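>>> Mind folding the following:
(chains A, B and C)
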Amino acid sequence: MLKQISKKVIHAAFLLLGITLVSFTLSYLSPGDPAQIQLSQSGMRVNPETLARMQTELGLDRPMLVQYLSWLKGILTGNMGFSYKSKKSVALLLSSALPNTLLLTIFSLLLMIIISTPIGVICAYKKEGIFDHIIRVLTYLFSSLPSFFISLVMLYIFALQLHWVPVLPSGLSGIILPALTMSLCLSAWYIRQIRSMILKEMEKKYVIGLTAKGFSDHTILFQHVLKNCMAPLITLFSMSFGSMLGGSAIIESIFVWNGVGKLAVDSISARDYPVIQGYVVWMAILFLLINFSVEILCQIIDPRIRREGLAK
Amino acid sequence: MKKKLISALLIAALSVTALAGCGNKADKSNEAKTTETEETSTEGKVLRAGATSGWFGAETLDVANGWDGWIMSIYGISENLFRLDESYVPTPYIAESYEQVDDTTWKFEIRDGVKFSNGNDVTADAVKKCFERTYKTNERADSTLSIASMEADGQTLTIVTNQPDPTMLNDLCDPLLGIYDASKEPDAELGVSCTGPYVATSFTSMDHVSMVPNEYYWGTAPKLDGVELSIIDDTNTLTMALQNGDIDLIARMDASETDLFSDKTEYTIDSATSTRSAFLLYNLEHSGVSDKNVREAIGYCVDRESFANVVYNGYSEASYGVFSTAVPFGGTDGLTLTVDKYDPEKAKEILSDAGYADTNGDGTLDKDGKELSFKLMTYSYNDETLQLADMMEAELEKIGIGIEIETMDVMVETEQAGDFDIVIDSYAMAPIGTPQYFTNLVMVSDASDNFGKYSNPTVDALAKEMSTTFDTDKQYELCDQICQEIINDRPFDFIASTQLIFCYRNNVSGVTVNPSEYYLIDSNIDINE
Amino acid sequence: MSKSKINKKLGFRLGFLIALFFLFFIGPFFLPHEPFETNISQAFLPPSSQHIFGTDNLGRCIFCRIIAGGKISVFTSLAVMTLSSVIGSILGIIAGYYGGIWDKIISDIITVFQAFPSFVLAIAIAGILGQSIKNAIIALCAVYWITYAKLSRSLVQQIRSDNYIKAAWLCGAPPTSIFFKYILPSIIGSLFITVVLDIGSVILSMAGLSFLGLGAVRPTAEWGAVISESRNFMQQAPWIIGFNGLALFLVVIGFNLFGEAMDEKINCK
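As a prediction, the model looks like this:
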């Protein structure tokens, strides 16, 4: 068990290196000269001499590999550079915005599990029934509409027309609408996935055996089928974390939720490359950590996977 | 089975603690907000207002820091020696009276009884120390008002300027020269102590500020018990907040939203024409736009009236001159116009007379092998200039000029690099009501914002004279001459001057829209619950 | 489900897609109004007989703009799909067939790219390269190629050990002939279905990028960009956002349903 975990840790470290390399290359390829940007932002005149001096100061004349290594060293010590726009430390900006995004993502995830699991189970249980069909239509609707469209409609209906949420929420009440929107968008897909997963599991031979033995549908569903679906379900949910972290950018922007997604979108339109770079690295690392924990979680929960892993 | 139960409980426990932990962190940043609303909801009359970061966005509450002084003046925290009235005329404020001793020497009597919000008296020496600190901290101070020396004696402050300054009193109205107590270090959150009717009790940069009346205020007692100002950059959210009643007033509202508040029994829309104008700036070093005929043709293709009436919903005035009619030296009286209406046919005529034709059949006109195809740049967040760009692109395509629109959050670097052909920009052209401001900032050769590299020795000479002429009538005459040169040469094309719009619920009263864009909160604003 | 029922479903949905194709490909030649010409006196007209979907803030006909924008929204997504599936499949086939060091390198690259949440990577690439359709296509390709690389790799690995491949190899058939004659035909079915099922997601991602200001450059009739621009008029002219959203919905669901029907047909064989 320990050996497996340590192997995974090394693998993860190698991945992190790859991630940082990709992020750095992204920024390196960006148009716009950081030296020129910094000069004009500080109000100084840009001429060839000051430009050359600033470039040396920023270390832009060194070969790419050297720049990468020094940037990497900076990251390891927590220094991710400074935002062009606000001059604040990128690490500071990201770390103050990250809790908000995590909060939104976790809340949305919980909402999504609460919404999609029972509905998915019922749909599988009462297959082809009227409930199943209505839900089918709804899931098609929600999964074929872009998240920003749904967000705008939600905003209009719930905040303005129904007055259920204040437009200017104070504190945590501002999380309701964006979390609801995000969870609805993803639930559409998940309900279908859960439904098909349960149906597939129900076709397995052991279910026939249990039915023959006289167990009620109810018992089979809850005590056997669902248990076996747990691990793949958790993997599925963890995958959604990735799309939530990514999709948060649009939703945070529309609902004005100060998370890293909104920070990234604002930085992109401001051409604030250091922040974009930091954002990519942090999100990738976060995503990696989550996948890592989920894998371990799955191993703890499902003895089959543990056995598989040992057998490898 | 037991193992699974334990692991399930562990997961649940972990997620709950994670949630709680994140909740705490996020809560702390929102704590200020929640405690404020709790605090103020127990108090009496509180005005809640919203605006974008362009109007409410201060980095700190230090008058000397960047443009924060401007915001603090809007907040009603900071005041100046003089104050601009609604016609841009400087009136005595913290300075009770003044005397111009000679061309460069001015004496000001500081009003008795004015105190800073920390209780200290405002003496001439306090003002002197305040200016000294501001000039040390902020680079713009010297170009706003160039001071050679100051002398303080009791309540009398003597300022000697480096050159004769005909706009001295107007310059003193610039919020950068707000008066604050420089004898104390600025508080990390609440900044410096000023003289205005309100003081901040909590401040989150670029987010929110809460204020209460200044107990030491020298003027009429402020009528409100509290003020809550929120920065909302999203137009939708800002509008909905007012519709919902989450805020009572929107400062500097987008003209496009005015339709939603047309119910006069519930809302009041108050506006005043300011000197803010949308204008085109041409890069005279690039081929095509360097030809005056091309610039004139483009000018004829802009439907200014429709822009003012539709895009701005009528809250704007079409312009064929230079300055806005809000100032006495603005408008088009006394000027001979070149472009005076929307006339795309005339534009076509001008271009073909000048020898442009589509010789290679690609849809755009050309001459001597150079295509009339330009990069048009504007701000990505200014809805109105974006729509103007769209309009221009469609119109110019029709007459054979190709346009590629590029939008940016910050244009300064690209402008300085000259990496554009045409820019649509929006400036407050005379924020302190003087013709010198824009002239020296944009029009003279080597001016810091003269990105198109316009250079006209006549304009330079007139501008220099205008900067040292004390007679206002003579100043305005010189300004007319400068404007005529601009109209003839067309390095800039002023499309429309806009109105400053405030929109508020009818229970709010005492609001004055001062077109200078320097003021909002004062002791007159009241709210009747 | 009976075979004829499946075929009918498939036929219907394919017909819908073909109709959409014609609408966006041929439609622009028959528009009643110019989609890009501004006519500001006609701004914000609600749907009427003159303009069936109404007009926008500059008086442009929304129906015409949606048809014109369809070209961008749909065909750029198809470009992304084609590029990413081709590139991804080639890399996946090389990894799966040759194994060894090629497999290691390509698999490692796949794993690194997979570490990024997909939309995060897309907006970062598009954001850094700058606003343009070309860059949006590049950004989305960088995200979507992974699926095809993984899929083709595992498919090829499965059939690599099949006897007929071994026989062909033993007979000295050149790799290209093995590839075209044997490998490609077996995997193309699965690849094609994955492509069709993914198109909807690509269209939405492309619209998402344009919504954030990262795709189509103005003035554009791309649906996501139009929705973004019309946010400020959401209350005054909700039909702008409504109809553009509807267009996205119809196209995406058209592709999704078609993909599902194809999936059913192939799996029910």
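
>>> In contact with the most centrally placed residue in chain A, which residues are there?
Nearest to the mean C-alpha position of chain A, counting by Cα atoms, centre = their mean, stands A:Leu245 at 2.2 Å. Residues in contact with A:Leu245 (Cβ atoms under 8 Å, 6 or more residues apart in numbering or on different chains) are A:Thr101, A:Thr105, A:Gly261, A:Met283, A:Leu286, A:Phe287, C:Pro117, C:Val120. Placement of C-beta: from N, CA and C, glycine included.

>>> B:Cys173 and B:Thr91 touch, don't they?
No - when contacts are counted by Cβ atoms under 8 Å, B:Cys173 is not listed as touching B:Thr91 (9.1 Å).

>>> which residues in the stretch 101-250 of chain C form helices?
C:118-129, C:133-160, C:163-170, C:175-178, C:184-211, C:223-229, C:238-267 (DSSP state H, counting those that start in this stretch).

>>> Do you know the pLDDT at the residue of the stretch 201-312 of chain A found nearest chain B?
Closest approach between the stretch 201-312 of chain A and chain B, counting by Cβ to the nearest Cβ: A:Ala270, at 4.4 Å. With respect to pLDDT, A:Ala270 has a value of 74.

>>> And the one 5 residues further on, by the same measure?
A:Val275 carries a pLDDT value of 88.

>>> which non-adjacent residue is nearest it?
Residue nearest to A:Val275 in three dimensions, not counting chain neighbours: A:Ser267, with 3.9 Å by Cβ to Cβ, 6 or more residues apart in numbering or on different chains.

>>> Tell me how many other residues surround that neighbour.
27 (other Cβ atoms under 10 Å in any protein chain shown).

>>> just checking, it touches A:Ser86?
No - applying Cβ under 8 Å, one finds A:Ser267 not in contact with A:Ser86, separated by 9.7 Å.

>>> Next SSE downstream of the helix or strand bottoming out on mean pLDDT in chain B?
Here the helix or strand of chain B ranked lowest by mean pLDDT, DSSP states H and E is helix B:2-42, holding a mean of 41. Sequence-wise, the next helix or strand downstream of helix B:2-42 (DSSP states H and E) is strand B:46-51.

>>> just to revisit the earlier point, who's more crowded, B:Cys173 and B:Thr91?
Per other Cβ under 10 Å, whichever of B:Cys173 and B:Thr91 has more neighbours is B:Cys173, with 27 against 11.

>>> secondary structure element for that one?
B:Cys173 belongs to no helix or strand, assigned by DSSP H and E.

>>> ok, it - contacts?
B:Asn80, B:Phe82, B:Arg83, B:Leu84, B:Pro90, B:Ile432, B:Ser516, B:Tyr518.

>>> B:Val327 versus B:Thr275, what's the distance?
6 Å (Cβ to Cβ, to the nearest Å).

>>> Need the overlap of contacts for these two.
Counting by Cβ under 8 Å, 6+ apart, the residues touching both B:Thr275 and B:Val327 are B:Ala430, B:Gly433.

>>> Please say which of these two ends up with more neighbours.
Using other Cβ under 10 Å, the more surrounded residue of B:Thr275 and B:Val327 is B:Thr275, with 26 against 22.

>>> The helix or strand that one falls within - contacts with which helices or strands?
Using DSSP H and E, B:Thr275 sits in strand B:267-282. With contacts taken as 3 or more Cβ pairs under 8 Å, 6 or more residues apart in numbering or on different chains; DSSP states H and E, strand B:267-282 sits against helix B:383-399, strand B:422-428, strand B:492-505.

>>> Can you give the domain ranges for the chain?
Answering for chain A, as no chain was given. A:2-76, A:97-302 (automatic domain parsing).

>>> could you do chain B instead?
Here the domain parsing of chain B from automatic domain parsing is B:8-248+B:507-527, B:273-499.

>>> Including distance to C:Leu20, could those go into TSV?
Output for the domains of chain B, formatted as TSV (distance: least, Cβ to Cβ, whole Å):
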stretch	distance to C:Leu20
domain B:8-248+B:507-527	31
domain B:273-499	27
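
>>> Could you tell me the least trusted of those?
domain B:8-248+B:507-527 (a mean of 85).

>>> Please name the residues that touch A:Met117.
Let me fix one detail, which is that residue A:117 is Thr and not Met. A:Ile194, A:Leu233.

>>> Return the list of strands paired to the helix or strand harbouring B:Ala148, each annotated with direction.
Assigning secondary structure by DSSP H and E places B:Ala148 in strand B:147-153. Next to strand B:147-153 in the sheet, as set by DSSP bridges, lie strand B:156-161 (antiparallel).

>>> CA atoms of the partner strand as CSV?
Backbone C-alpha positions of strand B:156-161 (Å, rounded to 0.1, in the frame of the first residue of the first chain) are rendered in CSV as follows:
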residue,chain,number,x,y,z
THR,B,156,-2.7,83.1,5.7
LEU,B,157,-1.1,80.9,3.1
THR,B,158,1.1,82.4,0.4
ILE,B,159,1.9,80.4,-2.7
VAL,B,160,4.4,81.4,-5.3
THR,B,161,4.1,79.6,-8.6
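
>>> Give me every residue in chain C lying close to chain B.
Neighbours of chain B within chain C, by Cβ under 8 Å from any Cβ of the partner chain: C:36-38, C:40-41, C:43, C:57-58, C:131, C:213, C:217-219, C:229, C:231-236.
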